[in-house]
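Novice: heads up, no residue letters with this:
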């Protein structure tokens, strides 16, 4: 089945890296890559370039109000970028 092959290919990098994370020093060291993979895969599922989105989030995060953190989610970021790209009505 093509879906299984695609899923297996997507997980290959994680499985290869798993051996390196065995000696990360603490349980929290294993949770960090899991959080990063979750963010990256969420961006991919929403047709967002993960590198561009994460760069934008990391640049804006220090000054962004905590109550408006939902604005930084991949699907909201994509909608804002799409709206910016549309021509303005005269």
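Specialist: Done, it's in. Computed from a predicted model, the values in this text were never measured in an experiment.

Novice: how about the helix or strand hosting residue 81: buried residues?
Specialist: Using DSSP states H and E, residue 81 falls within helix 74-85. Using 16 or more other CB atoms under 10 Å as the test for burial, helix 74-85 gives 74, 77, 78. Any C-beta I mention is one placed from the backbone N, CA and C, and that applies to glycine too.

Novice: spit out the contact partners of the first one.
Specialist: With contact set as CB atoms under 8 Å, 6 or more residues apart in numbering, residue 74 has these partners: 42, 43, 46, 48, 53.

Novice: drop anything exposed from those residues.
Specialist: Judged by 16+ other CB under 10 Å, buried ones among those: 43, 46, 48, 53.

Novice: any chance of these in JSON lines, with distance to residue 63 too?
Specialist: What follows is the buried ones among the contacts of residue 74, written out as JSON lines (distance: CB to CB, whole Å):
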{"residue": "43", "distance to residue 63": "21"}
{"residue": "46", "distance to residue 63": "24"}
{"residue": "48", "distance to residue 63": "21"}
{"residue": "53", "distance to residue 63": "17"}
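
Novice: farthest-apart pair in the residues you listed, please.
Specialist: Using CB to CB, the two most remote members of the buried ones among the contacts of residue 74 are 46 and 53, lying 8.9 Å apart.

Novice: tell me the phi and psi of the residue lying closest to residue 72 once chain neighbours are set aside?
Specialist: Spatial nearest neighbour of residue 72, excluding adjacent residues (CB to CB, 6 or more residues apart in numbering): residue 57 at 5.2 Å. Phi and psi for residue 57, reported as degrees, to the nearest 10, are phi -60, psi -50.

Novice: tell me where the protein is predicted with low confidence.
Specialist: 1-4, 6-25, 88-90 (pLDDT under 70).

Novice: show me where it has its helices.
Specialist: Secondary structure of the chain (DSSP state H): helices located at 2-21, 27-45, 50-60, 74-85.

Novice: picking that back up, could you give the angle of the helix holding residue 81 to helix 27-45?
Specialist: Interaxial angle of helix 74-85 relative to helix 27-45 (axes from the mean of the first three to the mean of the last three CA atoms, to 10 degrees): 40 degrees.
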